[in-house]
Every structure is written in C-alpha cells, then in structure tokens.
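>>> this is the structure alone, sequence omitted:
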C-alpha cells in the first residue's frame, strides 16, 4: 500500500510539474507573436513564417519576431539551426519599449560560434557579468563573451538554448553547457524575441516554465 501511495504521489508531482510548461509555438502559425521589419517593401508573412512545423526567417533584412505577452521569472527552452551558411541571429530577452531595429533587451547571442555571449541593448540598461558592470549607450552595446569555447553543432544540426531568468539574473546554457551568467540586470521582465540578422535560421520546440 505504501509503495502504491508513493507511486501515486510521484505521478501527481511529475504531472503537476509538466503542466507548468507552456508552449510558445503551436507548430502551425505565429499566433501570439508580432513580426517587426523596418522595410515597407517586405511582407511580414514572408519575413517570419512557419515551414514544415518550424519557425523560419531568411534573416534579411534585420528584424525580429516577438511574443505579444511579457514574461518574468521563467525558464526558456529554444532550439535552433542554420540550414545553410551560419551567420547571425539571437534570442531576445526582456524586450521593452516600442518596436524598432535595436529594441531594448538583453540578447542571448546566436552569431556563429558565439552562442552563449550576452549583449546588453538599451540606453542606460546594465548587467554585471563576472567582475564587471556593462552599460549600454547610444553608441556601445556591450557584448560579453561566453565562459567556454564554442560548443555549437555544425550547420544543419539542431542546438538548444536553456535560459533561466530569475529576478535580476539571467543564466544561459548552450547544449546543456553553462556559458554565461548576468546579475544585477536593470530589466527583469518583457517580451521574448527571435532575431533575423543575416542568414536563414529555423527555430522549434519553444517553451517556457514559470519559476518562483
């Protein structure tokens, strides 16, 4: 009887935990997302779109896809790959303010061989990374290198970002390896974005889990 009760408890615990995971992409369309491209000649539906069950962008011109909702205190999972030549992209965290090319945010870099770097965007926004405080200005958007050499997979293979945003801290893992930690961040909530910046890139299996 005791063993049965333990099994039931574990099942309920795991089920409850799993229910907290919320998908950000339904695999069919971009419901819940807003496309931003600063070029009237580009149709948004041709800039970010769903193809074969994944989100794709040609990467040109520069722009992004962002969630309509804002989030704080969460774990984020994102998988990405470059189908062709890898160049640049990023996962935008704590997106704030009006839509524009360099919207205010922290960025988990996806530039080829630089996944795990952190970029601070937004005049006056700050973050402490290791022993230094980085401040974003009109002319300087600090890019802080990752902790370890690149552990990205080759073009055509899927990679994963696991990002924890808790309070004023951002922790970034690339393919399960801890690559960066930022503390004392001045932004603690906002939208989540996927960037177009130079090359075709695909995203899948995007989910978020609230944490306390």
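Thanks, I have it. Because the structure is a prediction, the values reported are computed rather than measured.
>>> the host helix or strand of residue 127 pairs with which strands?
Residue 127 belongs to strand 126-129 when assigned by DSSP states H and E. When pairing is defined by DSSP bridges, strand 126-129 lines up against strand 132-135 (antiparallel), strand 177-183 (antiparallel).
>>> nearest to residue 95, of those strands?
Comparison of those against residue 95 by C-beta to C-beta identifies strand 177-183 as nearest, at 15.8 Å. Every residue, glycine included, has its C-beta placed from N, CA and C.
>>> across the sheet, point out what pairs with residue 178.
Going by DSSP bridges, residue 178 forms beta bridges with residue 173.
>>> hmm, residue 161 and it touching each other?
No. Between residue 178 and residue 161 there is no contact under C-beta atoms under 8 Å: 11.8 Å.
>>> what residues are shared contacts of those two?
Common contacts of residue 178 and residue 161 (C-beta atoms under 8 Å, 6 or more residues apart in numbering): residue 172.
>>> looking at these two, which one has more neighbours?
Under the criterion of other C-beta atoms under 10 Å, the comparison of residue 178 against residue 161 puts residue 161 first, with 21 against 14.
>>> any idea which element residue 118 lies in?
For residue 118, the host element (DSSP H and E) is strand 118-121.
>>> show me where pLDDT drops low in this structure?
Counting by pLDDT under 70, the chain contains low-confidence residues at 1-19.
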